[in-house]
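# would you be able to build a 3D model of this:
(chains A, B, C and D)
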4 protein chains.
Amino acid sequence: MKALRKMRPARGANLESVPVPTPGPIEVLVRVRAASICGTDLHIYGWDRWSASRINTPMTFGHEFCGYIEKVGSEVTSVKPGDFVSAEMHVNCGHCRPCRMGQPHVCQNVKIIGIDADGCFAEYLIIPIRNIWKIDPAIPERYAAILDPLGNAVHTVMAADVSVKSVAITGVGSIGLMAIPVARAAGAAKVFAVDVNPQKLELAKRVGADATFSAAQPEADGHSDRRTNGDGVDVLLEMSGSGQAIDSGLAMVRNGGVAALLGIPSDDVEINLAERIIFKGLTVLGINGRKMFETWYQTQSLVTSGRVDLTPIITHEMRFEDFEAAFALMKSGEAAKIVLHVD
Amino acid sequence: MKALRKMRPARGANLESVPVPTPGPIEVLVRVRAASICGTDLHIYGWDRWSASRINTPMTFGHEFCGYIEKVGSEVTSVKPGDFVSAEMHVNCGHCRPCRMGQPHVCQNVKIIGIDADGCFAEYLIIPIRNIWKIDPAIPERYAAILDPLGNAVHTVMAADVSVKSVAITGVGSIGLMAIPVARAAGAAKVFAVDVNPQKLELAKRVGADATFSAAQPEADGHSDRRTNGDGVDVLLEMSGSGQAIDSGLAMVRNGGVAALLGIPSDDVEINLAERIIFKGLTVLGINGRKMFETWYQTQSLVTSGRVDLTPIITHEMRFEDFEAAFALMKSGEAAKIVLHVD
Amino acid sequence: MKALRKMRPARGANLESVPVPTPGPIEVLVRVRAASICGTDLHIYGWDRWSASRINTPMTFGHEFCGYIEKVGSEVTSVKPGDFVSAEMHVNCGHCRPCRMGQPHVCQNVKIIGIDADGCFAEYLIIPIRNIWKIDPAIPERYAAILDPLGNAVHTVMAADVSVKSVAITGVGSIGLMAIPVARAAGAAKVFAVDVNPQKLELAKRVGADATFSAAQPEADGHSDRRTNGDGVDVLLEMSGSGQAIDSGLAMVRNGGVAALLGIPSDDVEINLAERIIFKGLTVLGINGRKMFETWYQTQSLVTSGRVDLTPIITHEMRFEDFEAAFALMKSGEAAKIVLHVD
Amino acid sequence: MKALRKMRPARGANLESVPVPTPGPIEVLVRVRAASICGTDLHIYGWDRWSASRINTPMTFGHEFCGYIEKVGSEVTSVKPGDFVSAEMHVNCGHCRPCRMGQPHVCQNVKIIGIDADGCFAEYLIIPIRNIWKIDPAIPERYAAILDPLGNAVHTVMAADVSVKSVAITGVGSIGLMAIPVARAAGAAKVFAVDVNPQKLELAKRVGADATFSAAQPEADGHSDRRTNGDGVDVLLEMSGSGQAIDSGLAMVRNGGVAALLGIPSDDVEINLAERIIFKGLTVLGINGRKMFETWYQTQSLVTSGRVDLTPIITHEMRFEDFEAAFALMKSGEAAKIVLHVD
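Below is the predicted model:
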């Protein structure tokens, strides 16, 4: 089979021919139909410091996909060949304290398929049966390929509990953009988007933001204040990872409000804990991955009901073989979400 | 009446003679029996930068006390002269969004008696009836005088939910010390205390800590790891305000755990948000004041049932007139909690 | 002023001329503009067993209204004459345990204006300032008059937490009907309505139900099963008070789901606790009144944003003087919500 | 091996000789050391209506036990022969909605080992690896054998959240008795026990109840009222399954309180929903099984820390072969918990 592999610790990747793997007793083999490129994949492709410290070559990367069950292990009873599936790529250990406390999404020994094991940029891949998510066949492949990042947005929105609340989203890259229709469908009263990029703010409006503010203007907080009668917003969804956005985002939240942090800062962040969190009595939530499998249920429900329309967020669809062009597009910042069709 | 007053924007305070104030229709006049010195009072006495920016002289300070109702306003029906009381000194506005959302403890327009209005270092003071807390007469005055700081400890412990969980407390000043028996009474499975001061760690053990670690030793995390089979603690109660303690405290918390922050850093704090909060899926709670009046109920219940013994924490009892010696003792760091008896 | 009063313990009511009352120091006088008739008012008018046991004549009834502040007491600072207002008519005592635990909506000593004190079927009425709710002037009087029952629907929906969940509503009288657009706006994934009355089910569809089931057909559960892939619904909102509806409603809820009970049964209800609640691990919530004032904020937000359209639910608007015709209409079952315009 | 088996649909059971079973790839074989008799086992032994409808003979019953891993399946990596273990006997399907929503303890397709498959009244039994709970070797076998029913008590107590709250327990059979020290360890401020049996009330006091009330006396509520200043209790833990106890237990709970129902009524129960649940704004929780595996962690923590002492609750220890005497003792009501030692 064909697989897009990092062959050595350096920039780039190669389309290689490798044997189709065989599933163990509690694994399945999936034939990939579509995959999507995550920011993490761009880091692996470009080989940054983080990749160098984490990735062991050679390996096949990619972790956002959909496909069909091709073969099942001897102990597998819950799916059969032909089923349309995606997968939770965080493979939890099942016996650490978070795993057994009902929090497998923050397993202390997690392995990620596509980072710590061969991923989905290939014609076939192996998934432990516990991690398989059966997809409603009514969902088109282009959407099914991006349930993983959509799940990040859903997890963040649902953890913050936006029902009948005002919400500010800082950072409207692809997950921040997805969070807008998700928040609206989950019952948000108002959704404000903040970013430095005017084009993304334009797109934010298109997918349902009630108002957008440029983070470049120092009056961003003031804007949100006027929109909320000076109360501040009930909820912040931080999706930029920028220290400055985190500070001004926290400033926007009303006393007693909630901030959910998904964006990953590359460095330490300086925070005025007293003014921004303690005196205000904020609840700050670190968000990681997707809840297994509550988030997947919610995500699928939002897509099948049509309440979340992913069309404007998938800016490009390309052939798997054109991966070089796809990675270049991602790097340019022109693309929101690129789906690669494998076949 | 006698009142301890800041007469001018400078170090020190004067015992002055002033008229006994008259309560309005929805206020009461309280005859003070005992008051306690808070770290904030020490700042006001010494006149630091914060005091200079917040306090308008002349004024009477002090906000931890107990006493007896002397006189009630025309509209007051819920207490009568002779009732034994303390008071929530955070006077909330009653009409901002947090106030009307059931979160008056983070009122956006709060005024604090003893900071923004004349306080309890006096023979009498005025309290709005809504802020009065009737005290079970079974509670001795020395304890009744410190329900306010004890309430901070109770609020922090209860917000974090310690029932059948392992708990680390960073910083065992007077509130951190109180948090130890409070956490045990609230059901904590294990309580660890961390501080730089070996005497305070000794006292921590005496009031019920299962183990203590010196923050000076770099292996503090390691210690907690060994105590929790390498899992980390379920809950951090941060009561030091030290940036380093916050960092190592967050490191001790297991993935999916909770950190409640009460200690107030004097400067911005640098945090590795990705490793300390986001990937771990932590819940971080800013804690301010006391819940009105859930915290007061819980606080009183813990004292009257005898589950929280405040004796070891009240290191000194003195006459009100000896305030200068009391402030000197507080400053020296030798005292945990000093109760001043009025008349 | 004119006031609609129960003059004696018997059927009917009289439009009487009485003096305009004078507000005390912490009260306000409100000039009523519009009032609405609740099922409870119908009971008082018709003088059923409950009325006979609770109501002391002579008294003015009515508790759903809007109007303008006419006069304020000496201690009132948060409103001024001319402000557009409604009021929470449950006057909580402020010092029982639920009151001070942040649950004043279940005060153990509650008095209800319009039941235990003179109500809003009059040109003017007195309200304690703590109970006043300032209304966004953008809300038309016809809607402002029914914020109280709408608040019951909002309280039920928000307590059950419907965000991205499937919801069944049993009983679509006026509050059940209101709950449909409220649940949708709060993020419900699907809303099913169940009733015996086909006309109400028709109206339920018009205000946004995804599907409706006749409670008369024994297969109501089966219908909901098919609609939820056999899983049952996540949430039941019980608004009928009928024992049979409660039983079949609980049967519809999936294991681990939530049932919020607002409808008031007139008699004891037989429940198979083992099968309906215990083995399923259900959470059952008794719902009373409106949270003070979280529910009012949410209610106002839903109306001003236009997400909840009350137009189809207000079936009649009449002059206050035509109260006899209005009560007759209510009794006939032809009306959903009747608004009476005063002056 | 020896196994206590129901050979036919009738009263009694036989000690039979059967082959030692072989574990599949994701199963383990456990050598049983001690087992305990549950009320359910008594029903199966006596062959009541429920047993006749659920149990397929021949089968080995029993579901409370501890033992050592004897052999592991080919895919098992998390335990090894010689490990000391017990097991969650509710085998959840893993793919129904509750299972994937993080609520496997209310799986819609659950199978129970010892009821739907061969259980632990035998020298060896098979357990799916996911259901194995490794026991801290510091726990003696007599305690390790009853972690399952202790877990029911822990689940109920923790679901109700008793920290710094007053608690009434109706029904102090073996699980109700265990709930007393569990509630105290979890932070309950006061624990009251109610039962018809004076000996059990005596035992309740011995294991830590602050006060006990006879359910036979009509003033039971009154007693709890006096004990709580007329407020009622914060939390009810219902462990009797008696309709009358449920009614008077609900009456004891304060407005806004919580009732957790574990006891299983044999018939429908008549409830005054309006007065007991709706107007009071109660939260009623159906409790089933144990949370996987949060409850097991909590249970183990309570036992190893010594906060819950099971000694007074284990009234008898006997040899496995003396099962007939043991079942007779259970039936007589003289025993609380009987542990059978196998070897």
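# do I have it right that A:Arg130 meets D:Arg100?
No. Assessed by Cβ atoms under 8 Å, A:Arg130 is found out of contact with D:Arg100, at 10.4 Å. No exception for glycine: its C-beta is placed from N, CA and C like everyone else's.
# secondary structure class for the residue nearest to A:Ala145 when sequence neighbours are not counted?
Here the nearest residue to A:Ala145 in space, its sequence neighbours aside, is A:Ala34; by Cβ to Cβ, 6 or more residues apart in numbering or on different chains that works out to 3.9 Å. At A:Ala34 the chain is in strand, as set by DSSP: H, G, I helix; E, B strand; the rest coil.
# tell me who's in contact with A:Ala34.
Contacts for A:Ala34 (Cβ atoms under 8 Å, 6 or more residues apart in numbering or on different chains) come out as A:Phe65, A:Cys66, A:Gly67, A:Glu141, A:Arg142, A:Ala144, A:Ala145, A:Val339, A:Leu340, A:His341, A:Val342.
# neighbours around the last one, how many?
Close neighbours of A:Val342, defined as other Cβ atoms under 10 Å in any protein chain shown, add up to 25.
# my read: it touches A:Asp322, true?
No. Counting by Cβ under 8 Å, A:Val342 does not reach A:Asp322; the two are 11.4 Å apart.
# which is the succeeding secondary structure element to the lowest-mean-pLDDT helix or strand in chain A?
For chain A, using mean pLDDT, DSSP states H and E, the weakest element among its helices and strands is helix A:220-227, scoring a mean of 58. Scanning forward in sequence from helix A:220-227 by DSSP states H and E, the next helix or strand is strand A:233-238.
# on that earlier part again, where's the dip in pLDDT among the contacts of A:Ala34?
Across the contacts of A:Ala34, the bottom pLDDT score, 94, is held by A:Val342.
# any residue of the helix or strand that contains A:Leu285 up close to chain B?
Element membership for A:Leu285 (DSSP H and E) is strand A:283-286. Yes. Contact of strand A:283-286 with chain B (Cβ under 8 Å from any Cβ of the partner chain) involves A:Thr283, A:Val284, A:Leu285, A:Gly286.
# how deep is A:Gln298 tucked in, by neighbour count?
26.
# what's the nearest residue to the closest residue to chain C within the stretch 1-150 of chain A if we skip its chain neighbours?
Closest residue of the stretch 1-150 of chain A to chain C, Cβ to the nearest Cβ: A:Asp136 (9.5 Å). Once flanking residues are discounted, A:Asp136 sits nearest to A:Thr304: 5.2 Å by Cβ to Cβ, 6+ apart.
# residues contacting the one you found?
A:Asp136, A:Ala138, A:Ile139.
# check A:Ile146 too.
Per Cβ under 8 Å, 6+ apart, neighbours of A:Ile146: A:Ser36, A:Glu64, A:Leu310, A:Ile313, A:Ile314, A:Lys337, A:Val339.
# I'd say the fourth one and A:Gly208 touch.
No. Shown here, A:Ile313 and A:Gly208 do not form a contact pair, counting by Cβ under 8 Å, at 11.5 Å.
# higher neighbour count, the two?
Legend: neighbour count by other Cβ under 10 Å for A:Ile313 and A:Gly208, higher for A:Ile313 (23 against 19).
# re earlier: make a markdown table from the contacts of A:Thr304 and add secondary structure to it.
Listed next are the contacts of A:Thr304 as a markdown table, based on three-state DSSP:
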| residue | secondary structure |
| --- | --- |
| A:Asp136 | coil |
| A:Ala138 | coil |
| A:Ile139 | coil |
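# can you flag the buried ones in the residues you listed?
A:Ile139 (16 or more other Cβ atoms under 10 Å in any protein chain shown).
# after the longest helix belonging to chain A, which helix or strand is next? Please name it.
Longest among the helix segments of chain A by residue count, using DSSP state H, is helix A:147-160. Counting by DSSP H and E, the next helix or strand C-terminal to helix A:147-160 is strand A:166-170.
# pairing partners for that next one, with directions?
strand A:190-195 (parallel), strand A:233-238 (parallel) (DSSP bridges).
# got those as CSV, with mean pLDDT and mean neighbour count columns?
Putting these into CSV (pLDDT from 0 to 100; neighbours: other Cβ atoms under 10 Å in any protein chain shown) gives the following:
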stretch, mean pLDDT, mean neighbour count
strand A:190-195, 96, 27
strand A:233-238, 98, 29
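# D:Val167: which of those is closest?
Among those, the nearest to D:Val167 by Cβ to Cβ is strand A:233-238 (33.8 Å).
# quick one: that closest one to helix A:147-160, angle?
Going by axes from the mean of the first three to the mean of the last three Cα atoms, to 10 degrees, strand A:233-238 is angled at 150 degrees with respect to helix A:147-160.
# I figured A:Val308 was touching A:Ile180, is that so?
No. Counting by Cβ under 8 Å, A:Val308 does not reach A:Ile180; the two are 9.3 Å apart.
# scan the contacts of A:Ile146 and report the most crowded one.
A:Glu64 (29 neighbours).
# in the sheet, who's paired with that residue?
Residues in beta-bridge contact with A:Glu64 (DSSP bridges): A:Ser36.
# how close does the residue of chain A found nearest chain C get to C:Gly187?
Nearest residue of chain A to chain C (Cβ to the nearest Cβ) works out as A:Gly187 at 2.8 Å. According to Cβ to Cβ, to the nearest Å, A:Gly187 stands 3 Å off from C:Gly187.
# who touches both of the two?
The overlap between the contact sets of A:Gly187 and C:Gly187 (Cβ under 8 Å, 6+ apart) consists of A:Val162, A:Ser163, C:Val162, C:Ser163.
# buried set for stretch A:238-247?
A:Glu238, A:Met239, A:Ser240, A:Gly241, A:Ser242, A:Gly243, A:Ala245, A:Ile246, A:Asp247.
# distance between the ends of it?
End-to-end span of stretch A:238-247 (Cα to Cα, to the nearest Å): 10 Å.
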